[in-house]
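Peer 1: generate coordinates for the sequence data below:
(one chain, ligands or ions: 1)
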Amino acid sequence: MTNTLSLPRSVEWNESYITLLDQQQLPGNVEYIKLQTIKDVWDAITTLKVRGAPAIGITAAFGLALSALSYDTDSVKEFNKKLALDQQYLASSRPTAVNLFWALERVAKSAESASSVNEAKTKVVHEAIQIQVEDEETCYRIGDHALSLFKKKDKIMTICNAGSIATAYYGTALAPFHLSKQRDIPLEVFACETRPVLQGSRLTAWELQQSGVDVTLITDNMAAHTIKTKGINGIIVGADRIAANGDTANKIGTYGLALLAKAFGIPFYVAAPQSTFDLSIQDGSSIPIEERSPKEVTHIGDTQIAPDGISVYNPAFDVTPSELITAIITEHGIIHSPSLESIQKVLLQSAQ
Ligand code: MRU
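Peer 2: Residues are numbered from 1 along each chain as shown. The predicted model follows:
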């Protein structure tokens, strides 16, 4: 039996504007906003109105296409010059998720072979839409592979939001739960709230509740106790950038969960598309880690929860070494015990 899925979508191309689900307003308000300029897109990414590696990439790709449509020139050379500047501008919005740079590069490259500005405009729009279409298919495959790793009634922990609203559709780490609902396979999810920006409580709890998945919210400091007392069977997370050796940057707190998985002897899975791999980086030490405003830590909404003048460290991501990762689940299949060799084997084989 299969049930119908109706998951929230984060971003939509509308020719002269982009429609965006404002994730900062969730779960209280489900509000879609209009992005009409490249500056709107840059702001939406930096302020986390859209977040999650694939969704950031898709939105930036649409932003670049939107801007390109407004170029007032007949020269292809001039068009590509403007495109490169806009690409650079959008690339400055967030540093860690490699999907951002990957998607912008794809859109910019698509215009290179155009012989007229009109053709270049058509190509950039087509490429941006194609990135979104492909990501939906990719996420479905990731979900399918990931679901094969779970048994009926398994209790799985996750952190942050690697769901439908962080991608084109389905999500990465949350895709198996949405598919389990569709296929009537009962699974229980334990979602860590994910301080400081609360993507777990505001977004994952909301998204899984929307699709009827059995989800229980915990605060981040409850993870060890919950694994022990609830008998958690495994942990699955998304990724923002995976180095050639499998070291994985993901939301702050992920590394701690990987260490807990090792201590408890349960599997620790990373679910991510090929576009999240950065094979130009040998290991996790070269992944740039975004540090965000201290206000995310000293305030919840407008309420101050720390003394004035306190010094704050607020890294948005951490890096989990590949030896703590049981498997990386991609659209091309499952990479068990990820290493330079096993990753290259799966990714390069799929390119043939
Ligand atoms: O700061 P965010 O909310 O953009 O961080 C998002 C994550 O860490 C996700 O796990 C990752 O981008 C994968 S989304 C499919």
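Peer 1: residue contacts, the nearest residue to N80 once chain neighbours are set aside?
Peer 2: Closest residue in space to N80, ignoring its immediate chain neighbours: A111 at 6.1 Å, by C-beta to C-beta, 6 or more residues apart in numbering. Glycine gets a C-beta too; all of them are placed from N, C-alpha and C. A111 makes contacts with A68, F79, N80, L83, A120, K123, V124, as judged by C-beta atoms under 8 Å, 6 or more residues apart in numbering.
Peer 1: quick check: ChimeraX command selecting the buried ones in those residues.
Peer 2: Listed next is the ChimeraX selection for buried residues among the contacts of A111, using 16 or more other C-beta atoms under 10 Å:
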select :68,79,80,83,120,123,124
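Peer 1: quick check: residues of the stretch 51-200 of the chain near the ligand?
Peer 2: Proximity of the stretch 51-200 of the chain to the ligand, by C-beta under 6 Å from any ligand atom, involves residues R51, G52, A53, P54, A97, C160, A162, A166, T167, G171, T172, Q199.
Peer 1: mind putting those residues into a markdown table with secondary structure and pLDDT?
Peer 2: What follows is those, written out as a markdown table (DSSP: H, G, I helix; E, B strand; the rest coil; pLDDT from 0 to 100):
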| residue | secondary structure | pLDDT |
| --- | --- | --- |
| R51 | coil | 98 |
| G52 | coil | 98 |
| A53 | helix | 98 |
| P54 | helix | 98 |
| A97 | coil | 98 |
| C160 | coil | 98 |
| A162 | coil | 98 |
| A166 | helix | 98 |
| T167 | coil | 98 |
| G171 | strand | 98 |
| T172 | coil | 98 |
| Q199 | helix | 98 |
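Peer 1: got the residues you listed as TSV, with neighbour count columns?
Peer 2: Output for those, formatted as TSV (neighbours: other C-beta atoms under 10 Å):
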residue	neighbour count
R51	27
G52	29
A53	29
P54	33
A97	30
C160	30
A162	32
A166	28
T167	32
G171	29
T172	32
Q199	27
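Peer 1: can I get the residues you listed in a markdown table including distance to E341?
Peer 2: Converted to a markdown table, those look like this (distance: C-beta to C-beta, whole Å):
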| residue | distance to E341 |
| --- | --- |
| R51 | 33 |
| G52 | 29 |
| A53 | 24 |
| P54 | 26 |
| A97 | 25 |
| C160 | 29 |
| A162 | 26 |
| A166 | 29 |
| T167 | 28 |
| G171 | 28 |
| T172 | 23 |
| Q199 | 33 |
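Peer 1: helix or strand for I156, which one?
Peer 2: strand 155-158 (DSSP states H and E).
Peer 1: make that A249, sorry
Peer 2: strand 248-251.
Peer 1: do that strand and the ligand meet at all?
Peer 2: Yes - for strand 248-251, a contact with the ligand is found by C-beta under 6 Å from any ligand atom, at N250, K251.
Peer 1: mind checking how far that strand is from the chain centre?
Peer 2: In terms of C-alpha atoms, centre = their mean, to the nearest Å, the gap separating the centre of strand 248-251 from the centre of its chain is 10 Å.
Peer 1: ok, now stretch 200-220?
Peer 2: For stretch 200-220, the distance to the chain centre is 16 Å (C-alpha atoms, centre = their mean).
Peer 1: for the record, mean pLDDT for that stretch?
Peer 2: Averaged over stretch 200-220, pLDDT sits at 97.
Peer 1: list the buried ones in it?
Peer 2: For stretch 200-220, the neighbour count (16+ other C-beta under 10 Å) marks 200-208, 210-211, 213-215, 217-218, 220 as buried.
Peer 1: mind checking the end-to-end distance for that stretch?
Peer 2: Using C-alpha to C-alpha, to the nearest Å, one end of stretch 200-220 lies 9 Å from the other.
Peer 1: what comes up buried for stretch 251-270?
Peer 2: Buried residues in stretch 251-270, counted by 16+ other C-beta under 10 Å: 251-258, 260-261, 266, 268-270.
Peer 1: same thing with stretch 278-296?
Peer 2: Within stretch 278-296, the residues that count as buried by 16+ other C-beta under 10 Å are D278, I281, G284, I287, I289, R292, E296.
Peer 1: now do the phi/psi pair for D22.
Peer 2: With angles defined as degrees, to the nearest 10, D22 sits at phi -80, psi 100.
Peer 1: which residues does it contact?
Peer 2: Going by C-beta under 8 Å, 6+ apart, D22 touches N29, E31, Y32, I33, K49.
Peer 1: give me the buried subset of the residues you listed.
Peer 2: Taking 16+ other C-beta under 10 Å as the criterion, what is buried in the contacts of D22 is I33, K49.
Peer 1: keep only those of the contacts of D22 that are in strands.
Peer 2: Among those, the residues falling in strands (DSSP state E) are Y32, I33.
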